[in-house]
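*Asks:* From the sequence below, what's the structure:
(chains A, B and C, ligands or ions: 2)
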Amino acid sequence: MSASEWPLWEVFTQRRAGLPFEHAGSVHAPDKEMALQNARDVYSRRGEATCLWVVPADCIVSPTPEEAGSFFDPSNDKIYRHPNFYKTPGANFE
Amino acid sequence: MKILSEEELELKFQERIDKGEIIEPKDWMPERYRKQLIRMMSQHAHSEIVGMLPEGNWITRAPSLRRKAVLLAKVQDEAGHGLYIYSGTETLGISRDQVMGDFLTGKAKYSSIFNYPTLTWADIGAIGWLVDGAAIVNQTALAKGSYGPYARAMVRICKEENFHHKQGYEILATLMKGSKEQREMAQDSINRFWWPSLMMFGPSDNNSPNSAELIKWKVKKYSNDELRQRFIDRTIPQAENIGLTVPDKDLKWDEETRHYSHGEINWVEFNNVINGRGICNKERMKARRDAHENGAWVREAANAYARKKASKTKAA
Amino acid sequence: MSELNKNIAEYALRIGDTSLILGQRLAEWCGHGPILEEDIALTNISLDLIGQSRAFLTYAGEKEGNGRSEDDLAFFREARTFKNRLMAEQPNGDYAQTMIRQLFLSVYQYYFYTELMKSKDETFAALAEKSLKEVTYHVRHSSEWTIRFGDGTEESHVRTLEAVDTL
Ligand SMILES: [Fe+2]
Ligand SMILES: [Fe+2]
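*Replies:* Ligands and ions are numbered 1, 2, ... in the order given. Take a look at the predicted model:
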């Protein structure tokens, strides 16, 4: 990275208290304070956020596409984890 | 696991595309797909950034405080658009500094429309209405493209773009209700911006070297001519609504095709402007280079401070 | 027009003019900032200031009672009759000068609006309360930059000292 290039951060915004944080996009910033400010200035110009997270992009860990099969397919056949798997004649579960 | 050959991988990739699947950054993709995306996305990002200049020219001279705030917010959004798309490009393994470097050295292109000057306040109306209007048609299509980060950036951008389009139309509508001079100013601006706006969709289909490949990969969902037609069809009634005439004597509604047919685009002019011989090419490039160079010490200072602080916390 | 209304109009005009001129100065940076993120940040500050000036000028026009709008006051006055703090109109210079000017004025506005919130005039108090939130962020933004410039590189340090001297 050149002397004038800033590291990349990922930005997550919360639209309203109580809602989950969602990935909004990225910003460049030299440090966490500036990352927070830049995230605020770039991703909450239309009242889209009531809170923010910023995370250095290289701190985010995710499986590779090759690993995706072994990571996620095994949970596809556990249908008994879903409530509609069960027969409950006549009873009201609402 | 069986190791797949390059051809098998490419076949599988095409199958995914044909099924309408979205490609994410870590997925396998043909080198050519990556290259084409980088080219297209960075061109798009550069256009957003250069696009700030012709309109920025009128921020300090906007005719009312309301219009000043609107224009400032609009031009700021374009900086945001550039930023979102550069971020998308970075997921392809190329840094913003690298693509910016290609742009500042003149290697990468940007939309020819921004090499035309903004001579009057009406031009700000024309840009919002025509240029952003064309951008919406383009970007709505791109939002359904096959590369996840690019498509997501487009979704975000399209949400912001609608106000750009409307504020431009409002400027022209207001002028058209004004004095004779104001109406002439609005019409003159449409006379100058109409054809360059049509050129924004790129060369005609029979002359567009990258199109077939991009459509095969669903980076683009529609051809340049299809999108251009869509733009004309929705823009002409808006023009008529406020009494503006587009400068095309061959333009007419075709009952059979249910589309407007239009005159021939001046492709010589298009190529001239794309290849650096437009009215404002030099000025635009200089402004961007100056901003980048004059900002280097600012970016460096912030980095130097961050390094000092990090080493202090380590030592403590 | 009553003496009180005249004084309120005059006072509102002073506040509005400072925000207007500073907002206009910052707007000159739009499209020319040192990095995209900062271009956007500075424009946010400019938009806040223009918003403030619109509110205060509108109020000045009301109290003046001659039917002058925010735009009449912003666009149809002689340069000599503007009542802004002179600091606000100082040229942008380099980014250090812009930031130091911002720091000085934002801190000034911070204390000013804090006091104005206590005004017996309800409009002033309400406008001050809204503006104070904006200005609090401006103070934060410009002080973070001042710290980085002062303790960044040799060059940024020198430029910052020069800016402080100039202003
Ligand atoms: Fe845009
Ligand atoms: Fe736009």
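
*Asks:* any idea how far residue B:26 is from residue B:231?
*Replies:* Separation of residue B:231 from residue B:26 (CB to CB, to the nearest Å) stands at 35 Å. All C-beta atoms are positioned from the backbone trio N, CA, C, and that covers glycine.

*Asks:* quick one: which of those two has more around it?
*Replies:* residue B:231 (21 against 14; other CB atoms under 10 Å in any protein chain shown).

*Asks:* Could you find the closest non-adjacent residue to that one?
*Replies:* Spatial nearest neighbour of residue B:231, excluding adjacent residues (CB to CB, 6 or more residues apart in numbering or on different chains): residue B:137 at 4.6 Å.

*Asks:* is the helix or strand containing that neighbour anywhere near ligand 2?
*Replies:* For residue B:137, the host element (DSSP states H and E) is helix B:132-142. Yes - Helix B:132-142 reaches ligand 2 (CB under 5 Å from the ion) through residue B:132.

*Asks:* Return the set of buried residues in that helix.
*Replies:* B:132, B:133, B:134, B:135, B:136, B:137, B:138, B:139, B:140, B:141, B:142 (16 or more other CB atoms under 10 Å in any protein chain shown).

*Asks:* same question, stretch B:60-75
*Replies:* B:62, B:65, B:67, B:68, B:69, B:70, B:71, B:72, B:73, B:74, B:75.

*Asks:* How many neighbouring residues does the nearest residue to the third one once chain neighbours are set aside have?
*Replies:* Nearest non-adjacent residue to residue B:67, counting by CB to CB, 6+ apart: residue B:171, 7.4 Å away. By the criterion of other CB under 10 Å, residue B:171 has 26 neighbours.

*Asks:* contacting residues for residue B:171?
*Replies:* Shown in contact with residue B:171 (CB atoms under 8 Å, 6 or more residues apart in numbering or on different chains): B:67, B:121, B:122, B:124, B:125, B:128, B:129.

*Asks:* Now flag whichever of these is closest to ligand 2.
*Replies:* Checking those against ligand 2 by CB to the ion gives residue B:128 as the nearest, at 7.6 Å.

*Asks:* Residue C:76: neighbouring residues, count only.
*Replies:* Residue C:76 has 9 nearby residues by other CB under 10 Å.

*Asks:* got it, and the one 10 residues further on?
*Replies:* Taking other CB under 10 Å as the criterion, the count of residues near residue C:86 is 9.

*Asks:* ranges for the strands of chain A?
*Replies:* A:8-14, A:22-28, A:51-56 (DSSP state E).

*Asks:* Touching the shortest one from outside, list them.
*Replies:* The set of residues that contact strand A:51-56 without belonging to it, under CB under 8 Å, 6+ apart, is A:7-14, A:17, A:21, A:27, A:29, A:32, A:35-36, A:39-40, A:43-44.

*Asks:* overlap between the residues you listed and the residues near chain C?
*Replies:* Filtering the contacts of strand A:51-56 for neighbours of chain C using CB under 8 Å from any CB of the partner chain leaves A:27, A:29.

*Asks:* Which of the contacts of strand A:51-56 are buried, as a PyMOL select command?
*Replies:* In PyMOL, a selection of the buried entries from the contacts of strand A:51-56 looks like this (16+ other CB under 10 Å):
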select buried, chain A and resi 7+8+9+10+11+12+13+14+27+29+35+36+39+40+43+44
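
*Asks:* can you tell me which helix in the chain is longest?
*Replies:* I'll assume chain A. Longest helix in chain A by number of residues, with DSSP state H as the criterion: helix A:32-43.

*Asks:* that's the wrong chain, I wanted chain B
*Replies:* helix B:148-176.

*Asks:* So is that helix next to ligand 1?
*Replies:* No - taking CB under 5 Å from the ion as the criterion, helix B:148-176 and ligand 1 are apart, separated by no less than 5.8 Å.

*Asks:* buried set for stretch B:157-168?
*Replies:* By neighbour count on 16+ other CB under 10 Å, the buried set for stretch B:157-168 is B:157, B:158, B:160, B:161, B:163, B:164, B:165, B:166, B:167, B:168.

*Asks:* With pLDDT and distance to residue C:157 as added columns, please give these in a markdown table.
*Replies:* Below are these laid out as a markdown table (pLDDT from 0 to 100; distance: CB to CB, whole Å):
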| residue | pLDDT | distance to residue C:157 |
| --- | --- | --- |
| B:157 | 96 | 39 |
| B:158 | 95 | 44 |
| B:160 | 94 | 38 |
| B:161 | 94 | 42 |
| B:163 | 95 | 42 |
| B:164 | 97 | 41 |
| B:165 | 97 | 46 |
| B:166 | 97 | 47 |
| B:167 | 97 | 42 |
| B:168 | 98 | 44 |
